[in-house]
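Pasting the sequence and the predicted coordinates here, then a few questions.
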Amino acid sequence: MKTILLDCTLRDGGYYNAWDFSPELINDYLIAMQAAGVNVVELGLRSLNNKGFKGACAFTTDDFLRDLPLSADLTIGVMMNGSELVGDTPYHKVLEQLFPVRADESPVDLVRIACHVHEFEKALPAVTWLKEQGYKVGFNLMQIADCSEQEVKALARSAAEYPMEVLYFADSMGGMDPDQAAQIIGWLRTEWLGALGIHTHDNQGLALSNTLRAISEGVTWVDATVTGMGRGPGNALTEQVAIEVAAYRKQPLNLVPLMTLIRKYFGPMKEAYGWGSNPYYYLSGKYNIHPSYVQEMLSDSRYDEEDLLAVIEHLRVEGGKKFSLNTLDAARHFYHGKPQGTWSPSSIFAERDVLLLGTGPGVANHRTALERYIREEKPLVIALNTQSEIDAELIDLRVACHPVRLLADCKAHTELPQPLITPYSMLPVDVQQALADKEILDFGLNVQADTFEFNETYCTTPTSLVMAYAFAIATSGKAKRLLLAGFDGYKGEDPRNFEMNEVVKTYTKKSNTIPVIAILPSRYDVSKQSVYGAFQ
């Protein structure tokens, strides 16, 4: 049977740019698709969800499509989410709003319904309604890799009762390999005799391999996107799949318009948005974690390398198949439950000025003045993590609390002479073992939103950021003042400035806190004085 190549760039790629593609891009895209041998273009979503601004391809209305230079040689498709068919509103009422005219009056030829396994049975009657209106219909089964053989066969058996054109399965988490793809195809084939399709994700760099294996196993509909643009790591690349499909068809291929399209539009967008596989997406595929977790973290400068790895490890253990921003936030701030600790800071901190050394460039820029101040005024000097921009003899203690950062820095910590303050009793066993030879001051930590609490051997902070932990240690230790150096802040509108300032605001609202003064340049909302002058 003929292989049908479906390009869904403007639908799947819209997760990066809110489906806001320019008319010039869409016009060039349509020309390129026809030249590259694409059969079906899925130009966007058809949805009733209108929360927040989204571009035209989030709705792909008939009016929008009629303004495009559509070719009769391309089948025009849209996708809708099955979740909109299984809510409180009867499915036919939803469909009447989404598809107000029959297919012969609409630019749309094909409607695909993306559906989770648990929604499938309830959403299937939409096939009959759409077919009666003259539309071709496809169903995309998501997260099918989690299903048993019996479950997959039952899904195929249900699908066989409806006159859809194609039954797709999607490698939603990107964890499938070619043998697994072939196995699922075999299971589906026992009950479904119609056309099969596959939609692959490239978490582990296997999107093309899985697609080609599926074709060899009899799948006739295959999805791809230009440069792989799509949610998370993206999909099989149209520019690659088109070459392979042309070889199967033994037909010539004109890639010039497609490569021009990539140079003008999709190459710059890929550089700006950063889709494509990387080690984080690879891990998300390996551990069956929804790729939107990684996509969200990569787009947010608050998440550095250790945050990404810590969240992935948390979701590996706790489960992350369904994306939720609340789950993401909780996974980042991983200290939960009753805090534990054995060390009291008051014996060292009480009534002393505490100088906290951050990692900003201010420490190196003003090193001479900072070292002179320390030698003359003799504050208790605490360095965050492995900060070492000043004379090591002037640093009294170090503080760290991020398990992944601790694990990465364990060799450095074992070589640094200062004792380390950390919530040791609450750290994972592998981190404890890595720090076994280090002098540890075990001060417990619990994370609760909008909360600072200071106790003798543990604290509660609104975030697991080491700055918040250090503030709490100094306060629990009854220090006199907290002086900040190296807390420069971040350029522009970096959200980390907001996050740090929220920590400061939450801290200063408490009645039992101590004065906080930045003695080097800082963008944070704290009192400021200069290390070059006398200050009280």
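Okay, I see it.

Run a quick check on Ile395 versus Ala383, I expect a contact.
Yes: with contacts counted by CB atoms under 8 Å, Ile395 reaches Ala383, the gap being 4.9 Å. For the C-beta atoms, the positions are set from N, CA and C on the backbone; glycine is no exception.

Identify the contacts common to the two.
Common neighbours of Ile395 and Ala383, counting by CB atoms under 8 Å, 6 or more residues apart in numbering, are 357, 418.

quick one: which of these two has more around it?
Neighbour count, other CB atoms under 10 Å: between Ile395 and Ala383, Ala383 has more, with 28 against 20.

what residues does stretch 203-212 touch?
So stretch 203-212 is contacted by 171, 173-178, 181, 198, 200-202, 222-224, 228, 232-237, 240-241, 244, 277, 281-282, 284-286, 291 (CB under 8 Å, 6+ apart).

Ramachandran coordinates for Val526?
Taking degrees, to the nearest 10, you get phi -120, psi 160 for the backbone angles of Val526.

From Lys505, how far out is it?
To Lys505, Val526 is 10 Å away according to CB to CB, to the nearest Å.

and what of Pro90?
Pro90 is 48 Å from Lys505, by CB to CB.

Would you map the strands across the stretch 201-350 of the chain?
Taking DSSP state E, counting those that start in this stretch as the test, the strands found in the stretch 201-350 of the chain are 221-224.

err, the stretch 1-150 of the chain, not the other one
Along the stretch 1-150 of the chain, counting by DSSP E, counting those that start in this stretch, strands occupy 4-7, 40-45, 75-81, 110-116, 136-142.

Switch those strands over to JSON lines; also include distance to Arg213.
As requested, those are exported to JSON lines (distance: least, CB to CB, whole Å):
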{"stretch": "strand 4-7", "distance to Arg213": "16"}
{"stretch": "strand 40-45", "distance to Arg213": "21"}
{"stretch": "strand 75-81", "distance to Arg213": "24"}
{"stretch": "strand 110-116", "distance to Arg213": "22"}
{"stretch": "strand 136-142", "distance to Arg213": "18"}
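
Does Pro339 touch Thr460 like I think?
Yes: assessed by CB under 8 Å, Pro339 is found in contact with Thr460 at 6.9 Å.

okay, and the common contacts of these two?
With CB under 8 Å, 6+ apart, Pro339 and Thr460 have common neighbours 445-446.

Find me the pLDDT at Gln536, would you?
Predicted confidence (pLDDT) for Gln536: 55.

Ok, Thr422 next?
Per-residue pLDDT puts Thr422 at 95.

and it, bridged to which residues?
Thr422 has these beta-bridge partners by DSSP bridges: Asp442.

In contact with it, which residues?
399-401, 406, 435, 440-443.

same deal with Trp343?
Taking CB under 8 Å, 6+ apart, one finds 421, 441-443, 457 in contact with Trp343.

Going through these, which ones are buried?
Burial by neighbour count, 16 or more other CB atoms under 10 Å: within the contacts of Trp343 this picks out 421, 441-443, 457.

Quick check: Cys57 touching Asp12?
No: Cys57 lies out of contact with Asp12 (CB under 8 Å); the separation is 10.3 Å.

Have a look at those two and say which one is more surrounded.
More crowded of Cys57 and Asp12, by other CB under 10 Å: Asp12, with 26 against 23.

Now do that one against Lys505, distance only.
40 Å.

now do Phe487
Computed as CB to CB, the Phe487 to Lys505 distance reads 15 Å.

more neighbours, the two?
Per other CB under 10 Å, whichever of Phe487 and Lys505 has more neighbours is Phe487, with 25 against 13.

ok, now which ones touch Tyr162?
Residues in contact with Tyr162 (CB under 8 Å, 6+ apart) are 124-125, 127-128.

Arg102 too?
Counting by CB under 8 Å, 6+ apart, Arg102 makes contact with 133-134.

Just the buried ones out of the contacts of stretch 203-212, please.
Applying 16+ other CB under 10 Å to those, the neighbour count classes 171, 173-176, 178, 181, 198, 200-202, 222-224, 228, 232-237, 240-241, 244, 277, 281-282, 284-285, 291 as buried.

hang on, the earlier thing: can you pick out the ones from the contacts of stretch 203-212 that are in helices?
Applying DSSP state H to the contacts of stretch 203-212, the entries found in helices are 178, 181, 240-241, 244, 281-282, 284-286, 291.

now, among those, which is nearest to Ile4?
Ile4 lies nearest to Val241 out of the ones in helices among the contacts of stretch 203-212, by CB to CB, at 11.5 Å.

was I right about that closest one contacting Val222?
Yes: when contacts are counted by CB under 8 Å, Val241 is listed as touching Val222 (6.2 Å).

Quickly list what's touching both of those two.
Counting by CB under 8 Å, 6+ apart, the contacts common to Val241 and Val222 are 5, 211.

what sits against the closest residue to Gly267 other than its chain neighbours?
Sequence neighbours aside, Thr227 is the residue nearest to Gly267 in space, at 7.0 Å (criterion: CB to CB, 6 or more residues apart in numbering). Thr227 is in contact with 234, 237-239, 262, 266-267, 269-270, 275-276, counting by CB under 8 Å, 6+ apart.

got it, and Ala160?
Applying CB under 8 Å, 6+ apart, we find Ala160 in contact with 191-194.

How is the residue lying farthest from the centre of the chain assigned, secondary-structure-wise?
Centroid-distance maximum for the chain: Glu376 at 48.0 Å, with CA atoms, centre = their mean. At Glu376 the chain is in helix, as set by DSSP: H, G, I helix; E, B strand; the rest coil.

Could you measure from it over to Thr225?
According to CB to CB, Glu376 and Thr225 sit 63 Å apart.

And the residue farthest from the centre of the chain, how far from Ala369?
According to CB to CB, Glu376 and Ala369 sit 11 Å apart.

likewise Tyr135?
Distance from Tyr135 to Ala369, by CB to CB: 73 Å.

before we move on, back to that, among the contacts of Thr422, show me the least confident.
Among those, Leu406 has the lowest pLDDT, at 82.

Now for that residue, which secondary structure element holds it?
Using DSSP states H and E, Leu406 sits in helix 403-415.
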